[in-house]
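Q: How does the following fold in three dimensions:
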Amino acid sequence: MPNVKNLKSVEEVADKFSRAKSVYFTDYKGMSVEQINNLRRELVAAQVDYKVAKKTLSRIAAKQAGFESIDALIDGQMGIAFSYDDPIAPGKIITEFVKKNKLENLKITGCIFENELYGADRVGVIINLPSREVLLSRLLSTIAAPMSNLVGTLNATMSQMVGVLNSLSEKK
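A: Numbers count the residues shown, from 1 in each chain. Here you go, the predicted structure:
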């Protein structure tokens, strides 16, 4: 018979799984409590929840939220980062934290990004995606480019025509 504490923990983590835009799984084996707290502070500043969770309870919570096989993403001592706003932020923060503190023992083992499971080998691609704002500005500039080229061409043609007319008027 499961105890009440574990049932409550599963319910809480299942809710986080279902609300999150992205979930990053980390193996923090060998990190000190101070380092984990520092990482947690940086993640909380970016509105990301970081939870150290038991593997079995996390598996049950993930299944309740509709993610059947997260076994490949769970490895070692596990911490889970849940992002509700910016799906790329946790990966970038964790990667920067590893570089800044020269940690070799903190690893991202995988992630759930927009309801798709990705292993550790694909997380780097996701982390290097530009932000939503950058992608939107690139899209708008791509859409606007043909129109601005057309305007430039028409202006050049008009300028040439005015030049021809001026030279004709000077000759007469």
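Q: So for stretch 107-125, mean pLDDT?
A: Stretch 107-125 shows a mean pLDDT of 84 in the predicted model.
Q: what residues go with each domain of the chain?
A: Split into domains by automatic domain parsing, the chain comes to 4-129, 130-172.
Q: Hmm, V10 and I60 touching each other?
A: Yes. Judged on Cβ atoms under 8 Å, I60 makes contact with V10 at a distance of 5.2 Å. Backbone N, C-alpha and C define where each C-beta goes, glycine included.
Q: higher neighbour count, those two?
A: Set I60 next to V10 and count neighbours by other Cβ atoms under 10 Å: V10 wins out with 22 against 19.
Q: ok, that one - contacts?
A: 57, 60-61, 64 (Cβ atoms under 8 Å, 6 or more residues apart in numbering).
Q: Can you tell me the SS state at K92?
A: helix (DSSP: H, G, I helix; E, B strand; the rest coil).
Q: Leaving out sequence neighbours, find the closest residue to it.
A: Nearest residue to K92 in three dimensions, chain neighbours excluded: I127, at 5.6 Å (Cβ to Cβ, 6 or more residues apart in numbering).
Q: Now do the same contact list for the spatially most central residue of the chain.
A: In the chain, the C-alpha nearest the mean C-alpha coordinate belongs to I88, at 1.1 Å (Cα atoms, centre = their mean). Counting by Cβ under 8 Å, 6+ apart, I88 touches 22, 126-127, 129, 131.
Q: Give me the buried subset of those.
A: Taking 16 or more other Cβ atoms under 10 Å as the criterion, what is buried in the contacts of I88 is 22, 126-127.
Q: now the residues you listed in JSON lines, with secondary structure and distance to M78?
A: Formatted as JSON lines, the buried ones among the contacts of I88 follow (DSSP: H, G, I helix; E, B strand; the rest coil; distance: Cβ to Cβ, whole Å):
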{"residue": "S22", "secondary structure": "strand", "distance to M78": "16"}
{"residue": "I126", "secondary structure": "helix", "distance to M78": "19"}
{"residue": "I127", "secondary structure": "helix", "distance to M78": "19"}
